[in-house]
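Undergrad: need coordinates for the following:
(4 chains)
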Protein chains: 2
Amino acid sequence: MRKKIIIVEDNQDVQEAFKLLIETKTNDYSVINTYDNCEDALSNLKTDLPEIVLMDIDLPGMNGIEGTRQIRQTLPKTDILIISVHENSQYVFDALCAGATGYITKNSNHTQLLKALDEVSAGGAPMSTHIAKLVVKSFRRESESPLTGRETDVLNLLAEGKSYMDIADQISVSKDTVKFHIKNIYLKLQVSNKIEAVTKAKSEGFI
Amino acid sequence: MRKKIIIVEDNQDVQEAFKLLIETKTNDYSVINTYDNCEDALSNLKTDLPEIVLMDIDLPGMNGIEGTRQIRQTLPKTDILIISVHENSQYVFDALCAGATGYITKNSNHTQLLKALDEVSAGGAPMSTHIAKLVVKSFRRESESPLTGRETDVLNLLAEGKSYMDIADQISVSKDTVKFHIKNIYLKLQVSNKIEAVTKAKSEGFI
DNA sequence: TGTTGTACTACCCATAAGGGTAGTTTTAAT
DNA sequence: ATTAAAACTACCCTTATGGGTAGTACAACA
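TA: Numbers count the residues shown, from 1 in each chain, chains lettered A, B, ... in the order given. Below is the predicted model:
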């Protein structure tokens, strides 16, 4: 049984090219419908019941990221493979957060596209070289912290929801010392309470 | 010019197998040294100057994740490819956060390993099928929230570092009402302070 | 019609948190 | 040896927080 694919892509040529490619070069997939916007794709979703969606991002009306979100709400088990020109990190992250299974760039060649489909079928998450790098990079935290080692320790405990007293016990100093460190942390991060400090430190990668 | 590789792996057989594989099956790489622990690898790092490090995680002494962190501090441009038996998400994320370029599992076959090396060389981030899925999944947030609309509003403001009073003004209710909502939030999330509530809600995707 | 869930208000109380100020001791660098 | 940064302690004071208890109002639902 061939896996059912729908394509959401507003460029007719690209749409045709994908369809032709999939229909002629493999026996594992079948393009059952193509759409040039998310709205149409969504309204036929329950009759199409695709197993894989090839989704563009730049679309008239609803964009592909919002489309991805909505398709996943209706068909949570359907894999959505984004095929986009954007290599911009925000697009990539938004798409993945919206529930995309993989993200490959439009300049991928035919072999890579078909390989991506196979990877999706195998339960994988195909990503173009550059995209995978972006994603992995997002796990890294560099940027040197303005906080001293002690302050970082204190902030980490604060981030766990510990009280001043808890922290004092844990690092074996007095409560006033903890307070002292926290005051300095607030100064350095330009904040005035625990939540802001933790949020800022996390976003800057200090903790 | 062949790319210089070092292998950090405590199992002699595996170490030998990798080395043999790389030396016989490709002309693009050369294993210039093998180590069975991070400490030795680190002390020779500046003379080895490897372009790629194949790194195990379970090692005597310093583990591969800490090793990755330290190697990246000395040689930020060196790619570190983790080869591990662990498919546990924490290990994967820790490794990527520590600066690993890719993460493949030990049950990968020879072809996959060599392909991973090529991907690293091409600036990519090779990951085993299952690993890539884990990583992509980490971008998703699902699970419907147990919080009511009002509680979610309050929690969002709390997450911005606002005080009870600030929140009360913002949503035009009394301070006691805010307090009331927060008490219910704590109950539902099973926490007892702002930081824990915000942290938990964020991790569960409620806010 | 009664029940349930959500939103809301109010008051009490103890402790935590935040801000100011004033110092001492360690440690590492010049 | 001197200096500066980091780590630490202590006390003052005000406000914020969290926990308990006790209600009212309103809408949806059975």
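Undergrad: looking at this, A:Val31 is in a strand?
TA: Yes: A:Val31: assigned to a strand according to DSSP: H, G, I helix; E, B strand; the rest coil.
Undergrad: show me what the worst-scoring helix or strand of chain A on mean pLDDT is packed up against.
TA: Ranking every helix and strand in chain A by mean pLDDT, DSSP states H and E puts helix A:129-137 at the bottom, with a mean of 72. Contacts defined by 3 or more C-beta pairs under 8 Å, 6 or more residues apart in numbering or on different chains; DSSP states H and E place helix A:129-137 against helix A:89-98, strand A:102-105, helix B:129-137. All C-beta spots, glycine's among them, are computed from the backbone N, C-alpha and C.
Undergrad: can the helix or strand A:Lys202 falls within be found next to chain B?
TA: Applying DSSP states H and E as the criterion places A:Lys202 in helix A:194-204. Yes: looking at helix A:194-204 against chain B by C-beta under 8 Å from any C-beta of the partner chain, the contacts come from A:194-196, A:198-199.
Undergrad: which of those has the largest number of neighbours?
TA: Within those, A:Val198 tops the neighbour count with 27 neighbours, counted by other C-beta atoms under 10 Å in any protein chain shown.
Undergrad: show me the contacts for that residue.
TA: A:155, A:158-159, A:207, B:195, B:198-199 (C-beta atoms under 8 Å, 6 or more residues apart in numbering or on different chains).
Undergrad: could you rerun that using 10 Å?
TA: By C-beta atoms under 10 Å, 6 or more residues apart in numbering or on different chains, the residues touching A:Val198 are A:155-156, A:158-161, A:185, A:189, A:191, A:206-207, B:159, B:161, B:194-195, B:198-199.
Undergrad: now A:Ser163
TA: A:157, A:169, A:175, A:178, A:194, B:192-193, B:195.
Undergrad: so how far is A:Ala17 from the residue lying closest to A:Asn33 once chain neighbours are set aside?
TA: Distances taken as C-beta to C-beta, 6 or more residues apart in numbering or on different chains place A:Ile6 nearest to A:Asn33, at 4.7 Å, with adjacent residues excluded. Going from A:Ile6 to A:Ala17 by C-beta to C-beta, to the nearest Å gives 16 Å.
Undergrad: between those two, who's got more neighbours?
TA: For the pair A:Ile6 and A:Ala17, the greater number of neighbours falls to A:Ile6 (22 against 14), based on other C-beta under 10 Å.
Undergrad: in what helix or strand does A:Asp166 lie?
TA: Going by DSSP H and E, A:Asp166 is part of helix A:164-171.
Undergrad: if we can go back for a sec, buried ones among the contacts of A:Val198?
TA: A:155, A:158-159, A:161, A:185, A:189, A:191, A:206-207, B:159, B:161, B:194-195, B:198-199 (16 or more other C-beta atoms under 10 Å in any protein chain shown).
Undergrad: hmm, back to that, quick check, the helix holding A:Asp166 touching DNA strand D?
TA: Yes: applying C-beta under 7 Å from any atom of the strand, one finds helix A:164-171 touching DNA strand D at A:Ile171.
Undergrad: now stretch A:179-194: buried residues?
TA: A:181-182, A:185-186, A:188-189, A:191, A:194.
Undergrad: export these as TSV, with columns for distance to A:Ala116 and secondary structure.
TA: Listed next are the buried residues of stretch A:179-194 as TSV, based on distance: C-beta to C-beta, whole Å; DSSP: H, G, I helix; E, B strand; the rest coil:
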residue	distance to A:Ala116	secondary structure
A:His181	50	helix
A:Ile182	49	helix
A:Ile185	45	helix
A:Tyr186	48	helix
A:Lys188	45	helix
A:Leu189	42	helix
A:Val191	44	coil
A:Lys194	44	helix
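Undergrad: filter those residues down to the ones close to DNA strand C.
TA: A:182, A:186, A:194.
Undergrad: circling back: which other residues reach the helix or strand that the least confident helix or strand of chain A is followed by?
TA: Following helix A:129-137 in sequence order, the next helix or strand is helix A:149-159 (DSSP H and E). Helix A:149-159 is contacted by residues A:145, A:147-148, A:162-164, A:166-168, A:170-171, A:173, A:177-182, A:184-185, A:188-189, A:194-195, A:197-202, A:206-207, B:195-196, B:198-199 when judged by C-beta under 10 Å, 6+ apart.
Undergrad: off-centre distance for helix A:149-159?
TA: 29 Å (C-alpha atoms, centre = their mean, to the nearest Å).
Undergrad: what is the nearest of the residues of helix A:194-204 next to chain B to DNA strand C?
TA: A:Lys194 (4.2 Å; C-beta to the nearest atom of the strand).
Undergrad: how far away is A:Gln170 from chain B?
TA: The gap separating A:Gln170 from chain B is 15 Å, by C-beta to the nearest C-beta, to the nearest Å.
Undergrad: measure how buried that residue is and give me the count.
TA: For A:Gln170, the neighbour count with other C-beta under 10 Å is 14.
Undergrad: now A:Arg69
TA: Count around A:Arg69 with other C-beta under 10 Å applied: 18.
Undergrad: any idea which helix or strand carries it?
TA: Judged by DSSP H and E, A:Arg69 forms part of helix A:64-74.
Undergrad: what packs against that helix?
TA: Here helix A:64-74 touches strand A:3-8, helix A:38-43, helix A:45-48, strand A:52-55, strand A:79-84, helix A:89-98, going by 3 or more C-beta pairs under 10 Å, 6 or more residues apart in numbering or on different chains; DSSP states H and E.
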